[in-house]
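Visitor: The following block contains a protein sequence and its predicted model.
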Amino acid sequence: MMKHLTLLLFVFALALGSAQAQSAAQKSKERAAQMKQKEKERAELAKQKAKERKELAKQKQIAREAQIDAKYEAMDEAYAQKEEARRVAMKEREEALKQKEEEREEALKEKAAAAKEKQRQAKLAMKEKEEARKEAAKQRAQALKEKEAARKMAAKEKEANRKIASNE
C-alpha cells in the first residue's frame, strides 16, 4: 500500500507538475501572443504615422508648388503690367513726337507763308512806289507842259501886246 500511495503521490505530483508546466507553457504562449499583438499594433501605428508623414510631406510639397506658382504668376503679371506700361509710354512718346513734328511743319508752313506774304507786300510796295514815281514823273511832266504852255501863252500874249502896242 505504501507503494501505491507513493505511486499515487508520484502520479499526483507528476500531474500537478505537468499542469503547472502546461500552465507556464500556456502563459508563455499568451505572453508571446500578446507581444506579437503589441508588435503588430506598433507596426500598424508606425505604418499609420509613416502614411501621415507622407501625406503631410505631400501637402507641404503641394503648398510649396502652389506658392511657387503664385510667385511666378505674380512675376508674370508684373512683367505684363510693365510691358503694357512700356507699350503705352512708347505710344505716348510716338504721339508726342508726331505732334511735335506736325507743330514744326505747321510753324514752317506759317513761316513760309509769312515770308511769301512779306515778299508779296514788298513787291506790292515796290510796284506802288514805282507807280507813284511814274505818277510823280507824269505830274511833273504835265506841270512842265502846262508851265511851258503858260509861258508860251504868256509870251504870245506879250508878243501880241507888243504888236498891239507897236501898232498903235
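Guide: Yep, that arrived.
Visitor: any idea of the mean pLDDT in the helix or strand that contains residue 122?
Guide: Assigned by DSSP states H and E, residue 122 falls within helix 2-167. If you average the pLDDT over helix 2-167, you get 88.
Visitor: Measure how far it is from the centre of its chain, please.
Guide: Centroid separation between helix 2-167 and its chain, computed with Cα atoms, centre = their mean, to the nearest Å, is 0 Å.
Visitor: Show me what that helix is packed against.
Guide: With contacts defined as 3 or more Cβ pairs under 8 Å, 6 or more residues apart in numbering; DSSP states H and E, helix 2-167 has no helix or strand neighbours. Where you see a C-beta, it was placed from the backbone N, CA and C, and this is true even at glycine.
Visitor: shift numbering so it begins at 178
Guide: Let's use 178 as the start, then, which means that last one is helix 179-344.
Visitor: measure residue 234 to residue 254 for me?
Guide: 30 Å (Cβ to Cβ, to the nearest Å).
Visitor: Sorry, slip of the keys, the one I care about is residue 283.
Guide: For residue 283 relative to residue 254 (Cβ to Cβ), the value is 42 Å.
Visitor: same question, residue 284
Guide: Distance of residue 284 to residue 254, given as Cβ to Cβ: 44 Å.
Visitor: Mind listing residues that contact stretch 309-325?
Guide: Counting by Cβ atoms under 8 Å, 6 or more residues apart in numbering, stretch 309-325 makes contact with no residue outside itself.
Visitor: Roughly how far does residue 282 sit from residue 288?
Guide: Residue 282 is 10 Å from residue 288, by Cβ to Cβ.
Visitor: do the same with residue 201
Guide: Per Cβ to Cβ, residue 201 is found 127 Å from residue 288.
Visitor: Then residue 296?
Guide: As for residue 296, its distance to residue 288 is 12 Å (criterion: Cβ to Cβ).
Visitor: Then residue 327?
Guide: Distance from residue 327 to residue 288, by Cβ to Cβ: 56 Å.
Visitor: give me the number of residues near residue 205?
Guide: Number of residues near residue 205 (other Cβ atoms under 10 Å) recorded here: 10.
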